[in-house]
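Trainee: Generate coordinates for the sequence data below:
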Amino acid sequence: MTLPASVPSGTTSASVTPPAETDVARPAIAIENVSKVFGHTGDAVHALDAVNLDVGRGEFLCLLGASGCGKSTLLNIIAGLDAPTVGRVDVGDARTTLMFQEAALFPWLTARGNVELPLKFAKAAKAERRAKANELLELVNLGTFGDKRPHELSGGMRQRVALARALAQDVEILLMDEPFGALDAMTRDVLHDELERLWRETDLTVVFVTHNVREAVRLGDRVVLLSSRPGRVVSEFPVTIERPRRMDSAAVSSLAATITDELREEVRRHGGH
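Mentor: Next comes the predicted model:
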């Protein structure tokens, strides 16, 4: 699901404090000592514990970790959909949007109509909405599919429409929660190329959650590994492999193997508790 309107941006915190004065060196996302607890004493679930992480402007950051480690919770906090129990997240005045694994398009609307939706909520004129939607559909290589409804599109095409709808919100930070997890390998590979191209062309800051280690290395400037619950940052891996990358390249496979070994050790450590 992609949010149909811009997610509130700014600072989300247990105790809200004003964002720092604008500075060109300030990260796009500053996560400071963030912890999240669901429930109350006795049945409380400690999802995140003292997470500290900066994401640079224009960076493509991939988050990895075992199921239940708090990756999606952290995305929701960055997006402003949830608040930390402790700590703060600062995105300045940047606009954010969150894409989920399911495209969640409205079936009664065409591809163009789905992309126009956030523009309609923003009260853009009809002609402006149509022109912008057409432009974005071209950007995701669906220029000739604007009049098709979701059931007439493949899974990969629906995700492209969802991506175009996210970009229609004129965002600077794109949060993606396993957006390609349900797709076949070939479609996923094509969408990796498309996403990388869009990231380069739009100068977005991207935080991408995945369970696929090779996918993280294929896409990311940096891969951050979270511990099993409660989620903590346990390792960071800069990815210096020249772009464009291939999932099956020797360099990607080698770094993915190193990260996988550490991920397995983290899962094993958690399983021993």
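Trainee: Please, which helix or strand holds the residue lying closest to residue 213 once chain neighbours are set aside?
Mentor: If the residues on either side of it in the chain are set aside, residue 213 comes closest to residue 256, at 4.6 Å by CB to CB, 6 or more residues apart in numbering. In short, each C-beta sits where N, CA and C put it, glycine included. Assessed by DSSP states H and E, residue 256 sits inside helix 250-271.
Trainee: same deal with residue 33?
Mentor: Residue-wise, residue 33 maps onto strand 29-38 under DSSP H and E.
Trainee: so what does that strand touch, helix or strand wise?
Mentor: Secondary-structure packing of strand 29-38 (3 or more CB pairs under 8 Å, 6 or more residues apart in numbering; DSSP states H and E): strand 45-55, helix 71-79, strand 86-90.
Trainee: rerun that using 6 Å as the cut-off
Mentor: strand 45-55, strand 86-90 (3 or more CB pairs under 6 Å, 6 or more residues apart in numbering; DSSP states H and E).
Trainee: Using PDB, write down the CA coordinates of the shortest one.
Mentor: Coordinates of each C-alpha in strand 86-90 appear next as PDB, following Å, rounded to 0.1, in the frame of the first residue of the first chain:
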ATOM      1  CA  VAL A  86      11.900   7.000  23.800                       C
ATOM      2  CA  GLY A  87      14.100   9.100  21.500                       C
ATOM      3  CA  ARG A  88      13.400  11.200  18.400                       C
ATOM      4  CA  VAL A  89      13.500  11.100  14.600                       C
ATOM      5  CA  ASP A  90      14.200  14.200  12.700                       C
END
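Trainee: can you pull the buried residues of it?
Mentor: For strand 86-90, the neighbour count (16 or more other CB atoms under 10 Å) marks 86, 87, 88, 89, 90 as buried.
Trainee: immediately after it, which helix or strand?
Mentor: Downstream of strand 86-90, the next assigned helix or strand under DSSP H and E is strand 96-99.
Trainee: average pLDDT across that next one?
Mentor: For strand 96-99, mean pLDDT is 90.
Trainee: same thing with stretch 244-255?
Mentor: For stretch 244-255, the mean confidence score works out to 93.
Trainee: How far does that stretch stretch from one end to the other?
Mentor: Start-to-end span of stretch 244-255 (CA to CA, to the nearest Å) is 16 Å.
Trainee: can you list the residues that contact that stretch?
Mentor: 214, 217, 218, 241 (CB atoms under 6 Å, 6 or more residues apart in numbering).
Trainee: Number of residues surrounding residue 39?
Mentor: 10 (other CB atoms under 10 Å).
Trainee: and the residue nearest to it when sequence neighbours are not counted, how far is that from residue 179?
Mentor: In this structure, residue 39 finds its nearest non-sequential neighbour in residue 45, 5.5 Å apart by CB to CB, 6+ apart. Using CB to CB, to the nearest Å, we find residue 45 at a distance of 25 Å from residue 179.
Trainee: Of the two, which one has the most company?
Mentor: residue 179 (25 against 13).
Trainee: neighbours around the closest residue to that one other than its chain neighbours, how many?
Mentor: Among residues not flanking residue 179 along the chain, residue 99 sits closest, at 5.0 Å (CB to CB, 6+ apart). By other CB under 10 Å, 23 other residues sit near residue 99.
Trainee: I'd guessed residue 99 sits against residue 166; true?
Mentor: Yes: using CB atoms under 6 Å as the test, residue 99 is close enough to residue 166 to be in contact (5.5 Å).
Trainee: coming back round to it: pLDDT score for the residue nearest to residue 39?
Mentor: 84.
Trainee: and if you look at the one 4 residues further on?
Mentor: Looking at residue 49, its pLDDT is 92.
Trainee: so what's it closest to, chain neighbours aside?
Mentor: residue 230 (3.8 Å).
Trainee: On the three-state scheme, the residue located most distally from the centre of the chain is what?
Mentor: For the chain, the largest distance from the centre (CA atoms, centre = their mean) belongs to residue 42, which lies 32.4 Å off. Here residue 42 is recorded as coil under DSSP: H, G, I helix; E, B strand; the rest coil.
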